[in-house]
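1. I'll drop the sequence and a predicted model, then ask my questions.
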Amino acid sequence: MARTHPGPGDRSLGDRGTDILARQDRIPTWSLPWTYLAIIGVGYFFTFYDITDIGFAIPAINTQFHLSSAESLFAALAIGLIGYIVGSLAIGTLADRYGRFRLLLVTILLTAVGSFGDAASQGIVTLTLFRFITGMGVGADLNLVSTYVGELSPAARRGRISVFTFLIGIIGQAVTPFVALGLVPHLHNGWRYLFVIGGVIAVIGLAARFELPESPRWLVLHGRLGEAEGIVARMEETVRRRGITLPPPRPAQVDVSTRGFPVRFLFRRPYSSRLAVFIPMWFLWYIGNYGFLGDAAQLYKAHGLSAGILYLAIGAIGYPVGAAVMAWAADSFERKRLVAASTVVWLVGMLLVGSSVNEGVVIGGSFLASFALGSYLQAAYTFTAESFPTRARATGFAFSDGIGHLGGALGAVVLPIWVADLSFFAGFAIIGVTGLLAGLLALAGPAASRLALEQVST
């Protein structure tokens, strides 16, 4: 165990920090106010609302700005994904250096500014700018929320608590099609109102986040032991008031040194091997994820499915259903196997959509695709974040998920090409297969369920 400078008495800061983390790790349940999970969920709600709303806004944007589908897709979706990558990498790395709490405020602020800017855009230039800003906030927020919740949750329930928070957020992806259906086809500026709603949600999330504490794990790592001890003492008192008896702490070997920039730790084993798993896993997954979310409404319409938005809206019920199933299963089975299983459901959904036998089959396929998205995403987010050490956890997530989003930019562009050059079925079948390949890669990751973060990340 690495040592830092001596503290009071004869004990080193390393010993004291290890004891603080042992006290936190013995707590068997969520030990902060339950409202904190709702606060985090509000930010998630905006994130998934924004990921979904752009696909429904694009047809109206094309009409008002006189854009081709390729122009709007590049400005609204691809540029947003580039912002996502930049935001996740830059802000994720800063969060490992300067703390989770402060950067969580920055991310939600960026999403609010970006969303209101999207609504006020007067042409392709301003739309491109604000989609980039929105993407930065969304990309970094997904990173930090997964990192933050994982560091505050007990090992035995880390997956379930993370997915519960995600379940609050994924409702945003489920309700967005219905909001879009009520606004975009009926109002000239309906697409603008769609973005305004997202901005308002982000502002609410920003105001609420000031209540959140810093991660004790990050505080210990950076020598702020008094603050960490105070937060852990609050956590212990909360569970005692609930009638829970805490077992004695069991200190583990924990490295509390912080020398060096977070990125450099990722290129040591075992973390370099994990990047080799997670970057292509996310790349392959996002090809289909963003192809489906960004293009499905237009492709359904072009294929003669005139009520495509309605089919997607009904199918979107699968998002919270999938998340709810994963919340039940997250800590009962090994995380990587659950991730892989959800990609099998994704493949079946894409094959049903591609077959377009009738309306019922398309709706069923849309439901299964949404179910797979709802079950895969937070389980895979949690799995990615917990596989890296505290000193570089947000950075490791940023490299994996951020660079992986290049697959999203690719999928949003190539799915319409595959449909046009091959067939409607072939296009959706291909993105079904890329999703399945992501699940197979996940099986090469470490064991994670019900293990302390330090056990997973070493």
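-> Nice, thanks for sending it over.

2. switch to C-alpha atoms for all contacts and neighbour counts from now on
-> Noted.

3. Can you list phi and psi of the residue lying closest to Ala452 once chain neighbours are set aside for me?
-> In space, and not counting its chain neighbours, Ala452 is closest to Ala155: 4.9 Å by C-alpha to C-alpha, 6 or more residues apart in numbering. Main-chain dihedrals, Ala155, degrees, to the nearest 10: phi -60, psi -40.

4. Distance-wise, check Ala155 relative to Arg241.
-> 21 Å (C-alpha to C-alpha, to the nearest Å).

5. When the two are compared, which one has more neighbours?
-> Counted by other C-alpha atoms under 10 Å, Ala155 and Arg241 do not tie: Ala155 has more neighbours, with 23 against 9.

6. just checking, Tyr192 touches Ala119?
-> Quick fix: residue 192 is Arg, not Tyr. Yes - using C-alpha atoms under 8 Å, Arg192 is in contact with Ala119, at 4.3 Å.

7. what does stretch 94-112 rub up against?
-> With contacts defined as C-alpha atoms under 8 Å, 6 or more residues apart in numbering, stretch 94-112 is touched by 43, 91, 133-138, 140-141, 144-145, 148, 198-203, 205-206, 209-210, 212-215, 218-219, 261-262, 390-395.

8. Now, of those residues, which are buried?
-> 43, 91, 133-138, 140-141, 144-145, 148, 198-199, 201-203, 205-206, 209, 212-215, 218-219, 262, 390-395 (16 or more other C-alpha atoms under 10 Å).

9. quick one: which of those sit in helices?
-> 43, 91, 133-138, 140-141, 144-145, 148, 198-199, 201-203, 205-206, 209, 218-219, 262, 393-395 (DSSP state H).

10. follow-up on the earlier one: correct me if wrong: the residue nearest to Ala452 contacts Asp25.
-> Yes - the criterion here is C-alpha under 8 Å, and Ala155 meets it with Asp25 at 7.3 Å.

11. center of the protein - which residue?
-> Central residue of the chain (C-alpha atoms, centre = their mean): Leu142, 3.7 Å from the mean position.

12. quick one, what contacts it?
-> Applying C-alpha under 8 Å, 6+ apart, the residues contacting Leu142 are 44, 47.

13. what about it, distance to Pro185?
-> For Leu142 relative to Pro185 (C-alpha to C-alpha), the value is 30 Å.

14. With Thr128 instead?
-> 23 Å.

15. between the two, which one's more packed in?
-> Thr128 (22 against 15).

16. What residues does Ile287 make contact with?
-> Applying C-alpha under 8 Å, 6+ apart, the residues near Ile287 are 407-412, 431, 434-435.

17. and what of Thr343?
-> For Thr343, the contact set (C-alpha under 8 Å, 6+ apart) comprises 372, 376, 435-436, 438-439.

18. Could I get the full set of helices for the stretch 301-450 of the chain?
-> For the stretch 301-450 of the chain, helices defined by DSSP state H, counting those that start in this stretch occupy the ranges 308-315, 318-329, 335-355, 359-386, 393-397, 403-404, 406-421, 424-442.

19. which residues of the stretch 351-458 of the chain score low on pLDDT?
-> The stretch 351-458 of the chain contains residues with pLDDT under 70 at 457-458.

20. Please name the nearest non-neighbouring residue to Ser25.
-> Heads up, residue 25 is Asp, not Ser. Using C-alpha to C-alpha, 6+ apart, the closest residue to Asp25 is Pro154 (6.1 Å).

21. Over to Gly123?
-> Excluding the flanking residues, the one nearest Gly123 by C-alpha to C-alpha, 6+ apart is Phe65, at 6.0 Å.

22. Mutual contacts of Ala155 and Asp25, please.
-> Ala452.

23. May I ask you to confirm that Val232 is in contact with Arg217?
-> No - counting by C-alpha under 8 Å, Val232 sits too far from Arg217 to count as a contact (10.0 Å).

24. Check whether Glu247 sits in a helix, strand or coil.
-> If you look again at residue 247, you'll see it is Pro, not Glu. Of the three states, Pro247 takes coil according to DSSP: H, G, I helix; E, B strand; the rest coil.

25. Going forward, count from 243.
-> Right, with 243 as the first residue, what we last looked at is Pro489.

26. now the nearest residue to it once chain neighbours are set aside: how far from Gly653?
-> Distances taken as C-alpha to C-alpha, 6+ apart place Arg268 nearest to Pro489, at 6.5 Å, with adjacent residues excluded. From Arg268 across to Gly653, the span is 44 Å (C-alpha to C-alpha).

27. What of Leu461?
-> Relative to Gly653, Leu461 is positioned 39 Å away (C-alpha to C-alpha).

28. cool, and Thr585?
-> From Thr585 to Gly653 the distance is 16 Å (C-alpha to C-alpha).

29. try Leu615
-> 15 Å.

30. more crowded one of these two?
-> Gly653 (27 against 24).

31. now the helices: where do they sit in the stretch 243-392 of the chain?
-> Using DSSP H, counting those that start in this stretch, helices in the stretch 243-392 of the chain cover 255-267, 276-307, 311-314, 321-340, 342-362, 366-394.

32. Tell me which of those approaches Phe641 most closely.
-> helix 321-340 (6.3 Å; C-alpha to C-alpha).

33. mean confidence score for that closest one?
-> Rounded to a whole number, the mean pLDDT of helix 321-340 is 89.

34. Would you indicate which residues of that helix are buried?
-> Of the residues in helix 321-340, those buried (16+ other C-alpha under 10 Å) are 321-339.

35. now the angle from it to helix 366-394?
-> Taking axes from the mean of the first three to the mean of the last three C-alpha atoms, to 10 degrees, one finds helix 321-340 and helix 366-394 inclined to each other by 40 degrees.

36. Report the buried residues of stretch 571-586.
-> For stretch 571-586, by 16+ other C-alpha under 10 Å, it's 571-574, 576-586.

37. Out of these, which comes closest to Thr487?
-> Nearest member of these to Thr487, counting by C-alpha to C-alpha, is Asp573, at 22.0 Å.

38. Who are the contact partners of the closest residue to Phe667 other than its chain neighbours?
-> Nearest non-adjacent residue to Phe667, counting by C-alpha to C-alpha, 6+ apart: Gly596, 3.8 Å away. Going by C-alpha under 8 Å, 6+ apart, Gly596 touches 604, 666-671.
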